[in-house]
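K.L.:
sequence and predicted structure below; questions after.
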Amino acid sequence: MADDNRTLFYLDELSDHKVASDYPDVRGWKLNDAQDRTIGKIDDLLAHKKAQRVVYLDVEVDEDLIEEGHEPLERSAGKGVHEFINKDGENHLIVPIGLASIDEENKVVRCDSVNRETFKKTKRFNKSEPIQREYEVMVIETYVHDVDRNANSRTDDSFYDRDEYRRRDN
Amino acid sequence: MAEIKIEKKSPVWPWIIAALLIVGALLYFFVLKDDNNDNGLAGAAAGTTEETRAVDKRAASAPASRDSDEVGQYVQYVNEHGNMDLDHEYTNDALLQLTEAVRAKAGQLNHDIQADLEQVEELAGQIQQDPFETTHATKIRSAADILANAMANMQQQHYPDLNDKTQEVKQAAGQIEPNTLTLDQRDAVKGFFHKSAILLQSMQ
């Protein structure tokens, strides 16, 4: 974690920072999929410290989703092969903030464009391990299918200019 | 689509400093207010020799309306506190205001009673500093006798029709028992101040 080029920080580890006053602190809220089924709980927020904004929701995945994911690998022609194997202890995944919508009234965050099947297939990580850019690209590729695989430079902040990390005004 | 911004937490120490400043300001105003009140009382208390001379000069040269101010203030003070329970603060203040009123009247009449009044002020200062309440009555009695005689002298020379009132003042002074606690003879002490107020007011 002692990386000089590190750009992402868990908000829990930034003791001198907090969610800005006009924004909801969604830590502890449920994360629901496109069908409004809960896939886990938002455990922390991953923030781009320089840009002073959250880019990922760190989700602790529900046990039943993990259990459902223990299925034979799927192959889908034309879409590439997803051969992720999630080890024991890897029960977290990240969700780009731009894919989420916040329901403050019900204290729920929803991913309207990602279904449960996709979440099941998404590569998870162990919270004790640092987030690598390669992992970020891998995860994004699971959610959407046109990620530039060359965007692997750890210092490339323009990676977060993608729509998946931005609020789109309707 | 969501957006969540983060910001730096506000440091606590500016709020602590602000709270300390507010507490300091409150203390300052309360202390300053108390000091002003104390200064007011000190003004009524035994003054310095210079202050005494200044009062004498003012009393000697000022028109009659100014001389009656001290008398008027004394009479008003006694009337306002006449129905209140006696305490040492009132006794001390009344004694000093009576002294000022008598001094003012003496100045108006060109009557020299400076030595007598200095004795009274000395006694008033002793009462203020004396922690033993048992000696207060003795000093108050002595001061009352001196003031009663001073007023009597002025009255006999300038207001011969007021003999009765002078007698009442002297009798009232005589009823203050030196060996009894002041607070145990409230009526006698208040009575002396009251009779003195009547006499002075009559000597206009």
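P.N.:
Perfect, I can see it now.
K.L.:
for the longest strand seen in chain A, what is the average pLDDT?
P.N.:
Assignment by DSSP state E gives strand A:38-48 as the longest strand of chain A. When pLDDT is averaged over strand A:38-48, the result is 95.
K.L.:
ok, and what's touching that strand?
P.N.:
A:7-12, A:14, A:17, A:19, A:26-33, A:53-62, A:65, A:92-94, A:109, A:116, A:119, A:127, A:131, A:157, A:160, B:4, B:6 (CB atoms under 8 Å, 6 or more residues apart in numbering or on different chains). Every residue, glycine included, has its C-beta placed from N, CA and C.
K.L.:
what is the subsequent helix or strand relative to that strand?
P.N.:
With elements assigned by DSSP states H and E, the helix or strand that comes after strand A:38-48 is strand A:53-61.
K.L.:
for chain B, what lies in contact range of chain A?
P.N.:
B:1-9 (CB under 8 Å from any CB of the partner chain).
K.L.:
buried residues of the lengthiest helix in chain A, list them for me.
P.N.:
Using DSSP state H to define each element, chain A has its longest helix at helix A:133-143. The neighbour-count check on helix A:133-143 (16 or more other CB atoms under 10 Å in any protein chain shown) flags A:133, A:135-143 as buried.
K.L.:
which stretches of chain B form helices?
P.N.:
B:13-44, B:49-61, B:64-81, B:88-108, B:114-129, B:136-158, B:163-174, B:186-202.
K.L.:
circling back: which one of the buried residues of helix A:133-143 is nearest to chain B?
P.N.:
Checking these against chain B by CB to the nearest CB gives A:Y143 as the nearest, at 13.1 Å.
K.L.:
how confident is the prediction for the residue nearest to the closest one when sequence neighbours are not counted, by pLDDT?
P.N.:
Of all residues not flanking A:Y143 in the chain, A:V114 sits nearest, at 5.5 Å (CB to CB, 6 or more residues apart in numbering or on different chains). Per-residue confidence at A:V114 stands at 89 (pLDDT).
K.L.:
wait, a strand at A:V114?
P.N.:
No. Read with DSSP: H, G, I helix; E, B strand; the rest coil, A:V114 is coil and lies in no strand.
K.L.:
quick one: low-confidence parts of the chain?
P.N.:
No chain was given, so I picked chain A. A:1-5, A:70-85, A:145-157, A:168-170 (pLDDT under 70).
K.L.:
I was thinking of chain B, sorry if that wasn't clear
P.N.:
For chain B, the ranges with pLDDT under 70 are B:33-68, B:82-86, B:131-133.
K.L.:
so which residue is dead centre in it?
P.N.:
B:D93 (2.3 Å; CA atoms, centre = their mean).
K.L.:
measure that one to chain A for me?
P.N.:
Distance, B:D93 to chain A, by CB to the nearest CB, to the nearest Å: 58 Å.
K.L.:
beta partners for the nearest residue to A:D44 once chain neighbours are set aside?
P.N.:
Excluding its sequence neighbours, the residue lying closest to A:D44 (CB to CB, 6+ apart) is A:D58, at 4.1 Å. Beta bridges link A:D58 to A:D44, A:I94, judged by DSSP bridges.
K.L.:
would you mind confirming that A:D58 makes contact with A:R124?
P.N.:
No. At 11.0 Å, A:D58 does not count as touching A:R124 under the criterion of CB atoms under 8 Å.
K.L.:
shared neighbours of these two, which are they?
P.N.:
Joint contacts of A:D58 and A:R124 (CB under 8 Å, 6+ apart) are A:H92.
K.L.:
number of nearby residues for residue 105?
P.N.:
I went with chain A, as the question did not name one. 6 (other CB atoms under 10 Å in any protein chain shown).
K.L.:
ah, no, chain B please
P.N.:
Neighbours of B:K105 (other CB under 10 Å): 26.
K.L.:
same check, this time on B:N92
P.N.:
B:N92: 20 neighbours (other CB under 10 Å).
K.L.:
any idea how far it is from chain A?
P.N.:
60 Å.
K.L.:
winner for burial among the helices of chain B?
P.N.:
Most buried of the helices of chain B by mean neighbour count (mean count of other CB atoms under 10 Å in any protein chain shown) is helix B:88-108; its value is a mean of 23.
K.L.:
how much space between the closest residue to A:E60 other than its chain neighbours and A:K30?
P.N.:
What sits nearest to A:E60 in space, not counting adjacent residues and going by CB to CB, 6+ apart, is A:D43, at 4.3 Å. Distance from A:D43 to A:K30, counting by CB to CB, to the nearest Å: 11 Å.
K.L.:
would you mind listing what in chain A touches chain B?
P.N.:
Counting by CB under 8 Å from any CB, chain A sits next to chain B at A:11, A:14, A:16-24, A:26, A:45, A:47, A:49, A:52-54, A:97-102, A:109, A:166-168.
K.L.:
in strands only, show me those residues.
P.N.:
A:17-19, A:45, A:47, A:53-54, A:101-102, A:109.
K.L.:
most neighbours of all the residues you listed, which one?
P.N.:
Using other CB under 10 Å as the neighbour test, those are led by A:V54, with 27 neighbours.
K.L.:
and that one, what does it touch?
P.N.:
Applying CB under 8 Å, 6+ apart, the residues near A:V54 are A:11, A:19, A:45-48, A:97, B:3-6.
K.L.:
looking at these, which is nearest B:D145?
P.N.:
For the contacts of A:V54, the closest approach to B:D145 (CB to CB) belongs to A:V19, at 82.6 Å.
K.L.:
ok, and the closest non-adjacent residue to the closest one?
P.N.:
A:D25 (4.2 Å).
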